[in-house]
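Engineer: Sequence and predicted structure below; questions after.
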Amino acid sequence: MKTQVAIIGGGPSGLLLSQILHLKGIQSVVLERQSRDYVLGRIRAGVLEQGLADMLRSAGVGDRMDQEGHLHGGFDIAHEGQRMRIDLSGLTGGKSVMVYGQTEVTLDLYNARDEMGGIVVDNAQNVIPHNLTSGTPYVTYEKEGVSHRLECDFIAGCDGFHGVSRQSIPEAVRQEYEKVYPFGWLGVLSETPPVSDELIYNHSERGFALCSMRSKSLSRYYVQCDINEDVENWSDDQFWEELKSRLPTETAAQLITGPSIEKSIAPLRSFVSEPLCYGRLFLAGDAGHIVPPTGAKGLNLAASDIHYLSTAFIQYYTEHSETKLREYSQTALKRIWKAMRFSWWMTTLLHRFPENSDFDRRIQKAELEYLFSSEVARKVLAENYVGLPY
Ligand code: RFL
Ligand code: PHB
C-alpha cells in the first residue's frame, strides 16, 4: 500500500489531521492499535478552546458540537468556602470555551472519515516506522496475523504518550523535560445533573476537586487522590463523600449524587520531548507532550499541533515548499511551552502538595487571594484558559 502521509494513531490528533488533509486532496492512512469501540469508550477531555471548535467546523465536523455542546463564558474557582467566577467572556473581549466531550469529537471524526472513504485501519499491531531520514520512509504493521507495508512521503506520529513514534527518534537526538506530580485524579462520570451551570475548580485542605459536565444530565467529577491509589478501593459513596468534603458547604448541599457509569484514575504529568520531528517523522499531540489536566489544555494543544502540521503539509503539496515543515517543531513548541507553564501554574495553585512546607502553603494561599482580589490576575488566567492564539 502507498499513501502520502502515514498517520500512526487514531485518536483526535490523527483523525483530525487525516480529515483536514483529505479536504485538501492529500491522501493519508491512519493506523490505530486499538479497536474503534475501545477508542470511543475512553472518557477524557471535556473543554474545547475556540481555536479547536473553529478547526472542527472548518473540517466539516462541527455540526453536532454546535447543536449538543455548550458554550461556557466563565467558570468558578472555590477556596476557603468562597466561590469566585472567572468571567472568561468579560475578561477576554467575548471569548468562551465549548463543553463537548472528546469521546464525541472522536466519534464525529470517525463518522466523517467513514463518509468520505477515509482509510482507518483499526487493531493494527506492531506498528513500526522505518527509514525516517531517507526520502522513502515506510511503516510496517500486522493485522490479523498478516504483515503489511505502507509506503509514504511522511509519517505523522499521533500515537499518544505510550506510542511507538517518539521512541523511534534516537535517544541522542531527543531532549526530554518532565515533571511528575505526586498525586492523580480520580474521575467519576454519572448520569446526574451537574451541580452548577459552569465548571467549579475547588482548592481545599483535603485536596483539589473539579465539578465538570458533559451535558445537562451527565456530570463529570474529579478528586485529587494518592498516586498509588487503587480505583477498586473507592466505592461510589466514598467518592461522593470525599467530593462533598472539598466543596463549599452550599455547593455540597446542592450536589445530586447517583451511581457512577465510569470511574478511573489518571496520573498527572508535565512532559515535553524536543524536537517534534526527525527526518520525515513529525510528532503531534500527546506523542510529543503531556500536560496535567488542570488547565484543560491536552486536547487543545493536540489541535494546535495539527493546525501547524496540516498547514505545513498543505504548503508542501500545493507550493512544493518545505519551509513550514522545517519550522514545524519550533513553531509548535512555542505554543506548547506556554500551555505547559499555564497547566503547571494552575495545578500548583489548586492542589495539595504533600511535601509543601508551611511557607509554600502561605504562598499558595496568597496566590489564590490575589486572584480573588485582582481583575488583572483573573485576566491573565482567562486569556490562557480560553487559549492563546495559533
Ligand atoms: P490519544 O488520544 O492518546 O490518541 C493516541 C492514539 O494512538 C493509539 N496508539 C497507537 N496506534 C498505533 N500503534 C501504536 N504503537 C500506538 N500507540 C498508541 C492509541 O490507541 C490512541 O488511540 O492522543 P492524541 O490524539 O494526541 O489526543 C490527546 C488527548 O487525548 C489528550 O491530550 C487529552 O485527553 C487530555 N485531557 C484534556 N485535554 C483538554 O484539552 N481538555 C480537557 O478538559 C482534558 N481533560 C484530559 C482530560 C486527559 C485525561 N486523562 C485521562 C489523561 C481529562 C483526563 C482525565
Ligand atoms: C473534564 O470535563 O473532563 C475536564 C474539564 C476541565 C478540566 C479537566 C477535565 O480542566
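Structural biologist: Noted; the coordinates are in hand. Numbering: from 1, shown residues only. Ligands and ions are numbered 1, 2, ... in the order given.
Engineer: Based on its surroundings, how many neighbours for the closest residue to ligand 1 within the stretch 101-250 of the chain?
Structural biologist: Relative to ligand 1, the nearest point of the stretch 101-250 of the chain is residue 160 (2.8 Å; CB to the nearest ligand atom). Every C-beta, even on glycine, is put in place using the N, C-alpha and C of the backbone. Using other CB atoms under 10 Å, residue 160 has 21 neighbouring residues.
Engineer: and residue 13, how many neighbours?
Structural biologist: Look at residue 13: counted by other CB under 10 Å, it has 28 neighbours.
Engineer: actually residue 132, sorry about that
Structural biologist: Residue 132: 19 neighbours (other CB under 10 Å).
Engineer: per-residue pLDDT, the residue nearest to it when sequence neighbours are not counted?
Structural biologist: Of all residues not flanking residue 132 in the chain, residue 279 sits nearest, at 3.9 Å (CB to CB, 6 or more residues apart in numbering). The per-residue pLDDT reported for residue 279 equals 98.
Engineer: residues contacting residue 279?
Structural biologist: Residue 279 is in contact with 132-134, 137, counting by CB atoms under 8 Å, 6 or more residues apart in numbering.
Engineer: Quick check: which element contains the residue of the stretch 101-250 of the chain closest to ligand 1?
Structural biologist: Under DSSP states H and E, no helix or strand contains residue 160.
Engineer: what residues are up against the closest residue to it other than its chain neighbours?
Structural biologist: If the residues on either side of it in the chain are set aside, residue 160 comes closest to residue 286, at 4.4 Å by CB to CB, 6+ apart. Applying CB under 8 Å, 6+ apart, we find residue 286 in contact with 11, 13, 160-161, 298, 302.
Engineer: does residue 120 sit in a helix, a strand or a coil?
Structural biologist: strand (DSSP: H, G, I helix; E, B strand; the rest coil).
Engineer: List the contacts of it.
Structural biologist: By CB under 8 Å, 6+ apart, the neighbours of residue 120 are 10, 15, 18, 29-30, 32, 36, 110, 113-114.
Engineer: Spell out the residue ranges of the helices in the protein.
Structural biologist: Assigned helices in the chain, in chain order: 12-23, 36-41, 50-58, 63-68, 88-91, 102-115, 236-246, 249-254, 298-319, 323-350, 358-373, 375-386 (criterion: DSSP state H).
Engineer: among the ones you listed, which gets the worst mean confidence?
Structural biologist: The weakest mean pLDDT among those belongs to helix 36-41, with a mean of 93.
Engineer: Who are the packing partners of that one?
Structural biologist: helix 102-115 (3 or more CB pairs under 8 Å, 6 or more residues apart in numbering; DSSP states H and E).
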